[in-house]
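Chemist: Sequence and predicted structure below; questions after.
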Amino acid sequence: PERQAARALRPVLAQLAGVPMPARSLYEAAGRLDRELAAVQAVVESPGTTVRLVVEPGPAAVRALRAARAGLALHGLALDAVVANRLLPTASPDPWLAGLASRQQKALKELLGDCPDGSADVCELPHLGREPQGVADLGELAERIPPPGPPSAAAPDGDLAEDRTGDRAEGPWTVEDRLADEGVLLWRLPLPGAVRETLSLVRRGDEVVVTTGPFRRVLPLPAALRRCAVAGARLADGELMVRFEPEAGLWPERD
């Protein structure tokens, strides 16, 4: 619509305002970028898309991996492997090199600890002694990385829980009915790697804004939770659990 209006009004506005109107190429470029961004979004949101993270083992990499795992989980993306890159030989006679390799191995153990069995593979790649150059070097590294397997289920039992209205929650979230015992509905959001200090949760109408580290996502509430008030939240064992209490007058009376 903007392009059509600009084409029709370009001569008039140019005379009245003395300012040239955007050229057609500008609108064509904007349209091309829109199509490219839509293609990227389609790949990211595809159920078959998995992510591999490449890190060089060290303290900074361990912290970055934890933040990235939480961000990927927040956006419903499965982590299929972590590639520990540029690992130094552990049996070097050089004390300086041996010390650096020892620190790498310590960080590698932390990476393995952050990726429990079944959550993601950890692949180790040796340092080539130089920067990879050409197809041959890349091929040598690629042969050491196993091919991707089927994406792991982000939700328990590979399915998404249904809420009390029959609607499915969007993303790997589940709604647990505890109304009979505790008077609440429990919304469970897996966030492996998230830490309490960088986690925030804000209710905004029928949406919840979840922030973990530098990652943020606006999540639409399942239909049943829209008729509830937030009663509290807790982060434990890599999972955010939000308690919702039914609001008076919005739920039928229970016998």
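Modeler: Nice, thanks for sending it over.
Chemist: Could you give the number of residues near residue 197?
Modeler: Around residue 197 there are 7 other residues, counting by other Cβ atoms under 10 Å. The way it works is simple: take the backbone N, C-alpha and C, and place the C-beta from them, glycine included.
Chemist: And it, how far from residue 124?
Modeler: 31 Å (Cβ to Cβ, to the nearest Å).
Chemist: cool, and residue 226?
Modeler: As judged by Cβ to Cβ, residue 226 and residue 124 stand 47 Å apart.
Chemist: Low-confidence stretches in the stretch 151-255 of the chain?
Modeler: 151-172, 249-255 (pLDDT under 70).
Chemist: where do the strands sit along it?
Modeler: 174-178, 184-190, 199-204, 207-212, 215-220, 228-236, 239-246 (DSSP state E, counting those that start in this stretch).
Chemist: Can you give the strand pairings for the third one, parallel or anti for each?
Modeler: Strand 199-204 pairs in its sheet with strand 207-212 (antiparallel), by DSSP bridges.
Chemist: list the buried ones in the partner strand?
Modeler: 208, 210, 211, 212 (16 or more other Cβ atoms under 10 Å).
Chemist: Now render those residues as a markdown table, adding distance to residue 201.
Modeler: Listed next are the buried residues of strand 207-212 as a markdown table, based on distance: Cβ to Cβ, whole Å:
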| residue | distance to residue 201 |
| --- | --- |
| 208 | 6 |
| 210 | 6 |
| 211 | 8 |
| 212 | 10 |
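Chemist: Between those, which sits nearest residue 110?
Modeler: residue 212 (19.3 Å; Cβ to Cβ).
Chemist: Pull the residues that contact stretch 85-100.
Modeler: 54-57, 101-102, 104-105, 108, 124-127 (Cβ atoms under 8 Å, 6 or more residues apart in numbering).
Chemist: Lovely, talk soon.
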